[in-house]
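Participant: Sequence first, predicted model second:
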Amino acid sequence: MNKNKGLLLILSTAVISGLAVFVSKFGVSVVNPYVFTGWKNIIVAVLAIAWILAFRDWRALKTLAQKKWLMLILVGLIGGSIPFLLFFKGLSLTTAAQGSFIHKTMFIYVAILAAVFLKEKISRGFLAAGLLMILGNILLLGLIPHRFGWGDGLILMATLLWAGESVLSKYLLTDLPARVVVWARMFFGSVFIVLFWLLTGQFALALALDLAQIGWILATSVLLFGYVATWYSGLKYVKVSEAAAILLLGSSITALLSLFFSGEHLLVGQAIGIILTLAAAVFIFKLSSRYAQEKPVRAV
């Protein structure tokens, strides 16, 4: 039961992710990318604080060992700050569809890291479905041939960091509520981003926003909160490699939104890509739901 609940939450994350990348592309076009991501994280951090207070999860923080505190701070560094700065700067330099696709290749790096550190077993069926989903995304986005630019490189670096953070978070979720991990990611991440503002002389810029810019920040903050809330809540019950693969659906949603609002027609190759992506997602979902609730994992 918990496994199916987790899968549905991760599926919700994929939908939110696809919409968030599309909307954020407009946001970074009118707001400095570093200011944009910083304010989003701060707002979500405040919401996360309210969330853990409402459920009294602050009591779990009182008994945490120093090692766990260091891990939570690391989650904020490699999950809630550096990759956000890289991603949204990269998104301002590339297209929303390309950025979303590069981000969704995270499942490859997550699968490798999860196999090494969490001892997650990857079945041939799951691996085949994941590769099929990537092929579907390639056809949908028409990324071959594709010029790999500076913005794409920044997004790839962010994706690698998020892959590492996802595996670390999965380990922490063995003993901690999802709300605590969400709080750590966004709170400590916000602290690091504010320090980045101060060191780069952008703090004053962060305080000089107009109403239109504030509107974009608020809209995307709601999406970001939905993303982290569903992702970590689902990740508690689902293998991190499976969760990352399902997240691939997000790039298809971003691509379809981009096509719709650009007025372009869906090509045959893109239609095939959508079919392959959906078929692979259904297969992964069914494959995952067959297994009973997995045992808690431990890092080696």
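Facilitator: Yes, it's here.

Participant: give me the low-pLDDT residue ranges for the protein?
Facilitator: Across the chain, the ranges flagged by pLDDT under 70 are 1, 142-146, 290-300.

Participant: ok, now with 50
Facilitator: 145, 292-297, 299-300 (pLDDT under 50).

Participant: Run through the neighbouring helices and strands of the lengthiest helix in it.
Facilitator: In the chain, taking DSSP state H as the definition, the longest helix is helix 2-30. In this structure, helix 2-30 packs against helix 33-54, helix 82-91, helix 96-104, helix 211-235, helix 240-246, helix 249-262, helix 268-290, with contacts taken as 3 or more CB pairs under 8 Å, 6 or more residues apart in numbering; DSSP states H and E. (Each C-beta comes from the backbone N, C-alpha and C, glycine too.)

Participant: right, so of those, which gets closest to Thr13?
Facilitator: Comparing these by their distance to Thr13 (CB to CB), the top pick is helix 211-235, with 4.4 Å.

Participant: That closest one vs helix 2-30, what angle?
Facilitator: Between helix 211-235 and helix 2-30, the angle comes out at 160 degrees (axes from the mean of the first three to the mean of the last three CA atoms, to 10 degrees).

Participant: I would like the residues contacting helix 211-235, please.
Facilitator: Residues from elsewhere that reach helix 211-235 (CB atoms under 8 Å, 6 or more residues apart in numbering): 5-10, 12-13, 16-17, 19-20, 23-24, 26-27, 30-31, 36, 39-41, 43-44, 47-48, 51, 166, 169-170, 173, 178-179, 181-182, 185-186, 209, 243.

Participant: Could you list the buried residues of it?
Facilitator: In terms of neighbour count (16 or more other CB atoms under 10 Å), helix 211-235 has its buried residues at 213, 216-217, 219-235.

Participant: What of stretch 5-22?
Facilitator: Quick answer for stretch 5-22 (16+ other CB under 10 Å): 6-7, 9-14, 16-22.
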